[in-house]
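Novice: Please work out how this folds:
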Amino acid sequence: MEQSISVLVTFLLVGTLVAIMVSIGWLLGPRTETPAKGEAFECGNPPSGSAWGRFPVKFYMTAIIFIIFDVEVVFLYPWAVLFDRLGWFGFVEMLIFLTVLGVGLLYVWQKGALEWD
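Specialist: Below is the predicted model:
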């Protein structure tokens, strides 16, 4: 019960602080409207074409590959922390894991999924 009260108090303090900061920004912030603020922003250039256009699959493939190898790092950190306790078994397990990921990287590299042509 005591832990839940401290969590509730923390949430209330954080919520109050956020409300105060947003209110101060809303009250003291500038409100001048200019034509530039009404324009759509896309990398500093005026938008060209429809927003519903088709994107090449290579963008999605690159994002998926990035996520896969980003998740790999999530598994490497706990392994590195427990390396002494895991011993050779943990080392071999991680070596197998990294080998599988390395073979996957070589495969997508060979298929040209990492090229931006």
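Novice: By mean pLDDT, flag the weakest helix or strand of the protein.
Specialist: Least confident helix or strand, the chain: helix 35-38 with a mean of 74, by mean pLDDT, DSSP states H and E.
Novice: which other residues reach the helix or strand following that helix?
Specialist: Using DSSP states H and E, the helix or strand that follows helix 35-38 in sequence is helix 57-81. Contacting residues not belonging to helix 57-81 are listed as 86, 90, 94, 97-98, 101, 104-105, 108, 113-116 [C-beta atoms under 8 Å, 6 or more residues apart in numbering]. Backbone N, C-alpha and C define where each C-beta goes, glycine included.
Novice: Where strands are concerned, which of these count?
Specialist: Among the contacts of helix 57-81, none falls in strands (DSSP state E).
Novice: Pull out the buried residues from those residues.
Specialist: Buried members of the contacts of helix 57-81, counted by 16 or more other C-beta atoms under 10 Å: 94, 105, 108.
Novice: quick revisit: cross the contacts of helix 57-81 against helices and list the overlap.
Specialist: Those of those mapping onto helices are 86, 90, 94, 97-98, 101, 104-105, 108, per DSSP state H.
Novice: So which residue is dead centre in this structure?
Specialist: Central residue check for the chain by C-alpha atoms, centre = their mean: the C-alpha nearest the mean position is that of residue 67, 8.5 Å away.
Novice: In PDB, could you pull the C-alpha coordinates for stretch 102-110?
Specialist: Extracted in PDB, the C-alpha atoms of stretch 102-110 (Å, rounded to 0.1, in the frame of the first residue of the first chain):
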ATOM      1  CA  GLY A 102      25.800 -12.000 -39.600                       C
ATOM      2  CA  VAL A 103      24.600 -14.500 -42.100                       C
ATOM      3  CA  GLY A 104      21.300 -12.500 -42.300                       C
ATOM      4  CA  LEU A 105      23.200  -9.300 -42.900                       C
ATOM      5  CA  LEU A 106      25.300 -10.900 -45.700                       C
ATOM      6  CA  TYR A 107      22.100 -12.200 -47.300                       C
ATOM      7  CA  VAL A 108      20.400  -8.900 -47.400                       C
ATOM      8  CA  TRP A 109      23.600  -7.200 -48.500                       C
ATOM      9  CA  GLN A 110      23.900  -9.800 -51.400                       C
END
